[in-house]
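Participant: Structural data only, the sequence is not supplied:
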Ligand code: NIG
Ligand code: FE
């Protein structure tokens, strides 16, 4: 057998059964973390036993082996940062006020317009490398800082170019209704993108559409229209909802068959049960919630009710300049009172469901060998908040990152 073999892992994170597309959060305790060994053949996981006859052998003693982390909600590619807005927010200025004053999304749109493709790709590529070192082996890209048809098309093209340059698997989401562009009202902008769909789809082959529903952005009616547009073009619908104010968007998103509803800090308690009963994932973004001082997302209630919860960074220059999933796990565990298994489920198997990437997110024979060695048991991820636990990263059956302290583990 060719490939890689991993010996003596102290923990190996395995699902309760093979072939699950997701696991509802009331069943997260069924994931197991018993010791194990694993062999990779080519790009795939081949067996849960050690094989001495492979070219690369890895000593995982004391380590946890887990699936590569999946960041199912990021706003890459973007360019520049907005640290001055963070200082304003800390001093008490509301996000909506910053947006009304021409900051926020529009400020990042100006930065994107002023930057060359190479500048955008250099910043995004560096971020992807940093994410890889923190265990992210798949991530979502979103457009949304274009704010014109041409600039959204450019953003989708840049996401496709980023995909070519990075080690990770990426998906592309067209966040076509993010802020209302100057010269439009929400209705005329929705009509414009509906008419431009063929060009936008050709630009970057997104697999999902997305919309920001908020008092300063789009309404539930626009959410319904975006759902219809997604259906017409065979795409998934994602939606930023209930972030700073409640608009009652979740029942609308469920009616329109959304793949996920993201943020949810202001989710009304009555909407927990219908969301939990659906196949729409609840994507929680605790980095954004913490840095924006949002209400506490009902992560505990959603998990107890059996929702398909996912966890992501929301990596963007405004609400979440954070791209570390281990840090995000630490925030989720503390703030939602989640177990580490609940947090890991949310950024592995269930995040793969959000991105519709069934070949990753779980350690199973026949799935793609995207996996991590951590420098200690999984319980240390949330506990050592801010520490990067990633010792080694394997993507598609290749060792793509080794922390220098752990180089001794690899014999080739
Ligand atoms: O997911 N809330 C809307 N969109 C982003 C923020 C974008 C920005 O501020 O640049 C989010 O939080
Ligand atoms: Fe977002």
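Facilitator: On my side now, so go ahead. Just so it is clear, the model here is predicted, and its values are computed rather than measured. Ligands and ions are numbered 1, 2, ... in the order given.
Participant: What mean pLDDT does the top strand by length along the chain get?
Facilitator: Criterion DSSP state E: the longest strand present in the chain is strand 169-177. Strand 169-177 shows a mean pLDDT of 98.
Participant: and the helix or strand following that strand, what does it pack onto?
Facilitator: Going down the chain from strand 169-177, the next helix or strand is helix 186-204, by DSSP states H and E. Helix 186-204 sits against helix 149-165, strand 169-177, helix 220-232, with contacts defined as 3 or more C-beta pairs under 8 Å, 6 or more residues apart in numbering; DSSP states H and E. From N, CA and C alone the C-beta is placed, and that goes for glycine too.
Participant: near ligand 1, which residues of the stretch 51-200 of the chain?
Facilitator: Taking C-beta under 6 Å from any ligand atom as the criterion, the stretch 51-200 of the chain approaches ligand 1 at residues 104, 105, 108.
Participant: Serialize those residues to JSON lines and add fields for pLDDT, distance to residue 269 and neighbour count.
Facilitator: JSON lines is the format used below for those (pLDDT from 0 to 100; distance: C-beta to C-beta, whole Å; neighbours: other C-beta atoms under 10 Å):
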{"residue": "104", "pLDDT": "95", "distance to residue 269": "29", "neighbour count": "23"}
{"residue": "105", "pLDDT": "96", "distance to residue 269": "29", "neighbour count": "25"}
{"residue": "108", "pLDDT": "98", "distance to residue 269": "33", "neighbour count": "25"}
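Participant: export those residues to TSV and tack on secondary structure?
Facilitator: Converted to TSV, these look like this (DSSP: H, G, I helix; E, B strand; the rest coil):
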residue	secondary structure
104	coil
105	helix
108	helix
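Participant: Partner strands of the longest strand of the chain and their direction?
Facilitator: strand 136-142 (parallel), strand 208-211 (parallel) (DSSP bridges).
Participant: Which parts of the stretch 301-412 of the chain are strands?
Facilitator: Under the criterion DSSP state E, counting those that start in this stretch, the stretch 301-412 of the chain carries strands at the ranges 309-311, 371-374, 390-395, 398-402, 410-411.
Participant: Of these, which is nearest residue 15?
Facilitator: Closest approach to residue 15 among those (C-beta to C-beta): strand 371-374, 13.4 Å.
Participant: For that closest one, name the packing helices and strands.
Facilitator: For strand 371-374, the packing partners by 3+ C-beta pairs under 8 Å, 6+ apart come out as strand 64-67, strand 390-395.
Participant: So what's the gap between that strand and the chain middle?
Facilitator: 18 Å (C-alpha atoms, centre = their mean, to the nearest Å).
Participant: pLDDT of it, averaged?
Facilitator: Mean predicted confidence for strand 371-374 is 98.
Participant: Any buried residues in it, and which?
Facilitator: By 16 or more other C-beta atoms under 10 Å, the buried positions in strand 371-374 come out as 371, 372, 373, 374.
Participant: Quick check: mean pLDDT of stretch 377-388?
Facilitator: Mean predicted confidence for stretch 377-388 is 98.
Participant: How about residues contacting that stretch?
Facilitator: 10-11, 13, 33, 64, 66, 133-134, 324, 326-327, 329-334, 340-341, 343-344, 374, 376, 389, 403 (C-beta atoms under 8 Å, 6 or more residues apart in numbering).
Participant: Could you list which of those belong to helices?
Facilitator: Under the assignment DSSP state H, the contacts of stretch 377-388 contribute 133, 326-327, 329-334, 340-341, 343-344 to helices.
Participant: Going by neighbour count, which of those residues are buried?
Facilitator: 133, 326, 327, 329, 330, 331, 332, 333, 340, 341, 343, 344.
Participant: farthest-separated two in the residues you listed?
Facilitator: Longest span within those, C-beta to C-beta: 133 and 341, 23.8 Å.
Participant: ok so, going back, what's the closest of the helices and strands packed on helix 186-204 to residue 314?
Facilitator: strand 169-177 (11.9 Å).
Participant: any idea of the angle that closest one forms with helix 149-165?
Facilitator: 170 degrees (axes from the mean of the first three to the mean of the last three C-alpha atoms, to 10 degrees).
Participant: what residues does the stretch 201-350 of the chain put near ligand 1?
Facilitator: Close to ligand 1, as judged by C-beta under 6 Å from any ligand atom, the stretch 201-350 of the chain has residues 212, 240, 243, 288, 314, 316, 317, 318, 319.
Participant: Report how many residues lie close to the last one.
Facilitator: Pointing back at residue 319 there. Residues near residue 319, counting by other C-beta atoms under 10 Å, number 28.
Participant: One more: the second one?
Facilitator: Here the neighbour count serves as a burial measure; for residue 240 (other C-beta under 10 Å) it reads 30.
Participant: With the fifth one instead?
Facilitator: Using other C-beta under 10 Å, residue 314 is surrounded by 29 other residues.
Participant: before we move on, the earlier item: let me know the closest of the buried ones among the ones in helices among the contacts of stretch 377-388 to ligand 1.
Facilitator: residue 331 (14.9 Å; C-beta to the nearest ligand atom).
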